[in-house]
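Q: what follows is a predicted structure for the sequence shown.
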Amino acid sequence: MKKSASAKSASPSALIDARIKELGDWRGKTLARVRALIKQALPKVVEEWKWLGVPVWYHDGMLCTGETYKSVVKLTFAKGASLKDPSGLFNASLEGGTRRAIDIHEEDELNEAAFKTLIRAAAALNKSSS
């Protein structure tokens with residue numbers, strides 16, 4: 001998203017809305033869908049806009065980021081290595097000691113129920129760590 005005076009004063013949620021609209025393709029639709037799933041799983045989730053244009057979701061600490069690249073939407077979980085992932089959603093950054101990520105490509109189907117369970121587990125881990 002291009003920087004402007006209005007971007008500096010816009011809320012994080014409005015900036016995420018603008019990013020989704022700006023993408024205008026499968027990446028925007030995917031980002032919008034995972035955002036909706038996060039909000040369904042944790043209605044009190046807090047959205048932030050960090051690092052020059054990355055949506056970040058918080059609940060008692062950072063849950064995950066929502067980065068968009070040319071061929072992937074990457075959801076990086078801050079404490080992903082500490083989360084149980086029985087559905088095998090994590091498919092990237094598996095060698096890291098702390099983080100884990102879910103890379104979603106254009107044709108991928110996300111297990112929405114498992115994703116919401118993972119989001120709730122990340123929030124529970126944050127709460128137990130605070």
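A: Cool, got the structure. Numbers count the residues shown, from 1 in each chain.

Q: who's in contact with Ser87?
A: Asn111, Ala114, Thr117, Leu118 (Cβ atoms under 8 Å, 6 or more residues apart in numbering). Bear in mind the C-beta positions are built from the backbone N, C-alpha and C, glycine included.

Q: mind running it again at 7 Å?
A: For Ser87, the contacting residues are Asn111, Ala114, by Cβ atoms under 7 Å, 6 or more residues apart in numbering.

Q: low-confidence ranges, this protein, go.
A: Applying pLDDT under 70 to the chain picks out residues 1-8, 130.

Q: neighbouring contacts of the longest helix belonging to it?
A: The residue-count maximum for a helix in the chain (DSSP state H) belongs to helix 112-129. Defining contact as Cβ under 7 Å, 6+ apart, one finds that helix 112-129 is touched by 37-38, 40-42, 59-61, 63-64, 77, 79, 82-85, 87, 89.

Q: buried ones in it, by neighbour count?
A: Phe115, Thr117, Leu118, Ile119, Ala121, Ala122, Ala123, Leu125, Asn126 (16 or more other Cβ atoms under 10 Å).

Q: could these go into TSV alongside distance to Arg19?
A: Listed next are the buried residues of helix 112-129 as TSV, based on distance: Cβ to Cβ, whole Å:
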residue	distance to Arg19
Phe115	20
Thr117	26
Leu118	22
Ile119	20
Ala121	26
Ala122	22
Ala123	23
Leu125	27
Asn126	24
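
Q: just those now: which is nearest Gly97?
A: For those, the closest approach to Gly97 (Cβ to Cβ) belongs to Leu125, at 15.1 Å.

Q: can you pull out the strands in the chain?
A: 46-50, 54-58, 62-68, 73-77, 100-104 (DSSP state E).

Q: mind putting those in CSV, distance to Pro12 and mean neighbour count included?
A: CSV is the format used below for the strands of the chain (distance: least, Cβ to Cβ, whole Å; neighbours: other Cβ atoms under 10 Å):
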stretch, distance to Pro12, mean neighbour count
strand 46-50, 4, 16
strand 54-58, 8, 20
strand 62-68, 12, 22
strand 73-77, 17, 24
strand 100-104, 21, 22
